[in-house]
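J.: Pasting a predicted model and its sequence here:
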Amino acid sequence: MRVALVQNQPVFGKKTANIRQLKALIAPVSADLFVLPELAYTGYQFRSFNELRALADGPDSVYIEEMHALARAKQAGIVFGFAEQDGSRIYNAALLITPAGESCLYRKTHLFYREKQLFTPGDTGFHVFPFQGVRLGLLPAGALCPGSGKSYFYRLRQPCGRGIAYRGKPAFYRGQRGTVPKWRLPGARAGNRGTGAGR
């Protein structure tokens, strides 16, 4: 399986423009799975719950449908982070979608820092999803950081075996209220903006 890591540079709150940027980064790349950042098309640094609520999306959102359309067009899986609205609750979520329209949702269980003031802790648990002969897992951002619950990585790694665990960590962006992205993955590299691919 060829996996592409996509690092964009979103303008905070400009969802249409940010998705357009993501499409442009993905368009020239051939891959079986595209991995986008946490809160990929809204940006990350929400200042208030009202600001977050205004940018959150439900399952029928036009922005989620654009991601489904992109998966169909590329005939590839796409996993991305977004602010998911479910009634009065908003989750820091990750969604894996396939060209066939299948999906797997993960809601971030262990929230970090100011996320605790804005998002509802996730209730989905940890899933393994088969895709093109590989078992994919959605892993909480920061699960490998000291003191943040390393055991969750091993809990997910066990059923994944030799599969892939998505760690939605690259949540901070240059130009987005003063923060800078960092990627660390052997065999692939994405800089401040771009797409890195590896097997």
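T.: Great, that's in hand.
J.: Model confidence for Gly125, exactly?
T.: pLDDT, Gly125: 84.
J.: and the closest residue in space to Ala40 that isn't next to it in sequence, what are its bridge partners?
T.: Nearest residue to Ala40, sequence neighbours excluded (CB to CB, 6 or more residues apart in numbering): Phe80, at 4.4 Å. Glycine gets a C-beta too; all of them are placed from N, C-alpha and C. Taking DSSP bridges as the rule, Phe80 bridges to Leu95.
J.: Quick check, Phe80 in contact with Glu66.
T.: No: when contacts are counted by CB atoms under 8 Å, Phe80 is not listed as touching Glu66 (10.7 Å).
J.: and the two? which has more neighbours close in?
T.: Per other CB atoms under 10 Å, whichever of Phe80 and Glu66 has more neighbours is Phe80, with 25 against 17.
J.: Let me see the contact set for the more buried one.
T.: 36-37, 40-41, 67, 94-95 (CB atoms under 8 Å, 6 or more residues apart in numbering).
J.: quick one: low-confidence parts of the protein?
T.: Residue ranges of the chain with pLDDT under 70: 139-199.
J.: Could I get the full set of helices for it?
T.: Assigned by DSSP state H, the helices in the chain fall at 15-26, 49-55, 62-74, 115-118, 151-160.
J.: So which of the ones you listed is nearest Asp86?
T.: helix 49-55 (11.9 Å; CB to CB).
J.: Now that we have the contacts of Phe80, can you turn them into TSV and tack on neighbour count and distance to Ile26?
T.: Formatted as TSV, those follow (neighbours: other CB atoms under 10 Å; distance: CB to CB, whole Å):
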residue	neighbour count	distance to Ile26
Leu36	27	9
Pro37	27	13
Ala40	29	11
Tyr41	28	12
Met67	24	10
Ala94	30	17
Leu95	22	16
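J.: hang on, the earlier thing: right, so of the helices of the chain, which gets closest to Pro130?
T.: Here helix 151-160 is closest among these (CB to CB), at 10.5 Å.
J.: on that earlier part again, among the contacts of Phe80, which one sits closest to Arg53?
T.: Tyr41 (16.1 Å).
J.: who are the neighbours in contact with the closest one?
T.: Tyr41 neighbours (CB under 8 Å, 6+ apart): 10, 15, 18-19, 22, 63, 80, 82.
J.: Can you tell me which of those residues is nearest Ala100?
T.: Out of these, the member with the shortest distance to Ala100 (by CB to CB) is Phe80, at 17.2 Å.
J.: measure that closest one to Thr124 for me?
T.: 16 Å (CB to CB, to the nearest Å).
J.: again, but for Lys14
T.: The value you get for Lys14 to Thr124, if CB to CB is used, is 28 Å.
J.: do the same with Ala27
T.: Ala27 is 31 Å from Thr124, where distance means CB to CB.
J.: And Arg20, by the same measure?
T.: 29 Å.
J.: And Leu118, by the same measure?
T.: 18 Å.
J.: now Leu136
T.: 15 Å.
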